[in-house]
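*Asks:* Could you work out the structure for the sequence below:
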Amino acid sequence: MESNFRYYQRRAHEEMRAAARAVTPEAKARRRALAESFAQKASEYLPSTAIVAADRMAAAGYEAAVTR
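*Replies:* Predicted structure coming up:
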């Protein structure tokens, strides 16, 4: 079974990818907000790992999303 951290981490990444494909600014903003929400939830389960992962995402050009 997938852990809560991995689920939220995966969903944050999926939403960031969807934001990158979004056509309108409104859709992009909604997807980024969802990604931020999932990233926050992931960080509640493994804070130290989530911080490191968020730094990796930022270095890769993503904002406020957690990935591994």
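*Asks:* Let me know how buried the nearest residue to K41 once chain neighbours are set aside is, in neighbour terms.
*Replies:* For K41, ignoring the flanking residues on the chain, the nearest one in space by Cβ to Cβ, 6 or more residues apart in numbering is Y8 at 4.3 Å. For the C-beta atoms, the positions are set from N, CA and C on the backbone; glycine is no exception. Y8 is flanked by 23 other residues according to other Cβ atoms under 10 Å.
*Asks:* show me the contacts for Y8.
*Replies:* For Y8, the contacting residues are F38, A39, K41, A42, Y45, V66, by Cβ atoms under 8 Å, 6 or more residues apart in numbering.
*Asks:* min pLDDT across those, which one?
*Replies:* Ranked by pLDDT, those bottom out at V66, which scores 44.
*Asks:* who wins for most neighbours among the contacts of Y8?
*Replies:* Highest neighbour count within the contacts of Y8, by other Cβ under 10 Å: V66, with 31 neighbours.
*Asks:* Look up how far M1 lies from R31.
*Replies:* R31 is 27 Å from M1, where distance means Cβ to Cβ, to the nearest Å.
*Asks:* Let me see the confidence value for the residue nearest to K41.
*Replies:* 95.
*Asks:* what about it, which SS state?
*Replies:* State at Y8, reduced to three classes by DSSP: H, G, I helix; E, B strand; the rest coil: helix.
*Asks:* Equivalent analysis for E2, please.
*Replies:* coil.
*Asks:* gap between the closest residue to it other than its chain neighbours and V23?
*Replies:* Leaving aside its sequence neighbours, E2 sits nearest to R10 (Cβ to Cβ, 6+ apart; 7.8 Å). Separation of R10 from V23 (Cβ to Cβ): 24 Å.
*Asks:* What number of residues are in the vicinity of the nearest residue to A22 once chain neighbours are set aside?
*Replies:* Distances taken as Cβ to Cβ, 6+ apart put K28 closest to A22, at 4.0 Å, once the chain neighbours are dropped. Residues lying near K28 (other Cβ under 10 Å) number 15.
*Asks:* next one: M1
*Replies:* Neighbours of M1 using other Cβ under 10 Å come to 5.
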